[in-house]
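*Asks:* Curious how this folds, go ahead:
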Amino acid sequence: MISKLLTLVNTAKFLKPIQIGYRLYYFSRSRWRKLKKFRYPTALVSQPAILNLQLSLSSSPSYSGKTFTFLNITHTFDGAIDWNFPEYGKLWTYNLTYFDFLQQEGVSREEGLILIHDFINQITTIKDGLEPFPISLRGINWIKFLTYQNIKEQVIDDNLYAQYVILLDNLEYHLLGNHLLENAFSLLFGAYYFQDDILYNKAKAILIAELSEQILDDGAHFELSPMYHQIMLFRVLHCINLVQSNPWKQDELLLFLEGKAAKMLGWLEAISYSDGSIPHFNDSTDGIAPTTQQLIKYANNLKLSTKSSTLSACGYRKIVKADYECVVDIGQIGPSYIPGHAHADTFNFELRIAGLPFIVDTGLSTYEIGKRRDFERGTSAHNTIVVSGQNSSDVWGGFRVAERADIVALEESSESIKATHNGYKKLGIVHTRTFEFYNHKILISDELNKDVEAKAYLHFHPTVSEASIKKYILLEAGEFKIKIYEYAEGFNKYASAKYLEIDFQRNLNIEITL
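*Replies:* Now for the predicted structure:
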């Protein structure tokens, strides 16, 4: 009990006052409204405008008839669509209510209208889908679909306007980060669609404040997930598309958004591998966000410039030689007050040889709280060091972090990186890792400040054989075992792969010869 309370305190102490204040406010308001049997109206009289939008990106196929596929899980509704369908977890239900499938190729005007009207007809019973995050994504998807299909139906517009009133009344200040940004992106779309100054002023204020903080000096999104960076960039491009294409408000917001997009594009190009794929650091996987190539194409269609990035503030470094690409993590785990997508992965790295994945992050397959989520966020799931069976940062509860590792020393040159973190300070341990990069080999040296039982981990891509591991990896000391793990190819999708578990006490040297 005391241990759990201490973990909670060590988590809450990093929160901003606004997060705590809004948590208390929303909690007490909910209790009061329940007593008063408060209900939001399901429709409000609206006067939407006629918008123009350039074509953006089609979404990945997820809908056919009454069959929906999200997170690599497919379900067919035999009768009516249950917009509260809970069987596969809340994130699957969220995806169902995002209506992103309206943007996939082949969805007709008639099909889209049937789905929208079905949702509206069930609006009084919908639960998860009326939370602010799905309202935000659904609002953009409905407005895009209605605009592209040149649809004007008062029933839809009045219902959508009522949803924006719910969103405005429940902005996610208690979470901040990408959640609040998603709220603001959608408010901007709602503002333009309904010519609503209240929605616009709120959207503009949040976008300027949050993008100023959340986009770091080198262009990275501050939650340090390459996947979420792609998603946030996609939304910024949407907003630029909206403001460029419609003359309702022409002020400094467009220039501000274009400047952020230029930095974000530069960072994405810098962090992506030569084939356009991204490292799977923190909560990142494939098949969720638009690809780097797609985003660059979209930006080019909007005639946007790119500002080159040197990967500095984000804490990631990418080393490119003739034979390999290596990306390392020598930074903080993310913003202190919203580390929900962070992993205990300090000094993690990925390595590609001749363009093919070799050493990889174990990936992301679930947001459901449980053993798999704990494993994927834990230190042993990454290519770094575990001391005394502990995580380097205290990840827990699916999206929580209590005490976390800080980088306390860093030395860099063009050919080497040496960094120290204090994630094991409660054990009296500091961990120093040195990377030395040569044309045909990489040397990795780990040093602990005293003798202690420790394990190093190297996780390999499913295509890597045991023979290849023995060919490329040389250990100067330490005992190692080749074991099997389940590599996450995406949400709820796994492939068997190999990893090295190396026992040592104080010092370990690994040579990767290419």
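
*Asks:* What separation is there between the nearest residue to Arg400 once chain neighbours are set aside and Leu364?
*Replies:* Closest residue to Arg400 apart from its sequence neighbours, by Cβ to Cβ, 6 or more residues apart in numbering: Thr11 at 5.2 Å. Using the backbone N, CA and C atoms, a C-beta is placed for each residue, glycine as well. Going from Thr11 to Leu364 by Cβ to Cβ, to the nearest Å gives 21 Å.

*Asks:* more crowded one of these two?
*Replies:* Leu364 (24 against 18; other Cβ atoms under 10 Å).

*Asks:* I'd assumed Glu489 was in contact with that one.
*Replies:* No. Counting by Cβ atoms under 8 Å, Leu364 stays clear of Glu489, with 10.0 Å between them.

*Asks:* what touches both of these two?
*Replies:* Each of Thr285 lies in contact with both Leu364 and Glu489 under the rule Cβ atoms under 8 Å, 6 or more residues apart in numbering.

*Asks:* Okay, buried residues for stretch 84-100 please.
*Replies:* With burial defined by 16 or more other Cβ atoms under 10 Å, the residues of stretch 84-100 counted as buried are Tyr88, Gly89, Trp92, Thr93, Tyr94, Asn95, Leu96, Thr97, Tyr98, Phe99, Asp100.

*Asks:* now stretch 243-254
*Replies:* Applying 16+ other Cβ under 10 Å to stretch 243-254 flags Val243, Gln244, Asn246, Lys249, Leu253 as buried.

*Asks:* what mean pLDDT does that stretch have?
*Replies:* The average pLDDT within stretch 243-254 is 92.

*Asks:* how long is it end to end?
*Replies:* End-to-end distance for stretch 243-254: 6 Å, by Cα to Cα, to the nearest Å.

*Asks:* for this protein, which residue is closest to the average position?
*Replies:* Tyr228 (3.1 Å; Cα atoms, centre = their mean).

*Asks:* Could I get the contacting residues of it?
*Replies:* Tyr228 neighbours (Cβ under 8 Å, 6+ apart): Asn178, His221, Asp283, Ser284, Ala289, His341.

*Asks:* Helix or strand: which one has it?
*Replies:* Using DSSP states H and E, Tyr228 sits within helix 226-245.

*Asks:* hang on, the earlier thing: what's the farthest-apart pair in the buried residues of stretch 84-100?
*Replies:* Spatial extent of these (Cβ to Cβ) is set by the pair Gly89 and Phe99 at 18.6 Å.

*Asks:* what sits against the spatially closest residue to Ala322 that is not a sequence neighbour?
*Replies:* Excluding the flanking residues, the one nearest Ala322 by Cβ to Cβ, 6+ apart is Asn439, at 6.4 Å. Contact analysis of Asn439 by Cβ under 8 Å, 6+ apart lists Lys321, Ala322, Asp323.

*Asks:* The residue nearest to Arg400 and Asp283, how far apart?
*Replies:* 17 Å.

*Asks:* now do Gly378
*Replies:* From Gly378 to Asp283 the distance is 13 Å (Cβ to Cβ).

*Asks:* between the two, what contacts are shared?
*Replies:* Between them, Gly378 and Asp283 share the contacting residues His343, judged by Cβ under 8 Å, 6+ apart.

*Asks:* For those two, work out which one has more neighbours and name it.
*Replies:* Shown here are Gly378 and Asp283; by other Cβ under 10 Å, Asp283 has more neighbours (23 against 20).

*Asks:* Can you tell me the closest non-neighbouring residue to the more buried one?
*Replies:* Closest to Asp283 by Cβ to Cβ, 6+ apart is His341, at 3.8 Å.

*Asks:* tell me the secondary structure for that neighbour?
*Replies:* At His341 the chain is in coil, as set by DSSP: H, G, I helix; E, B strand; the rest coil.
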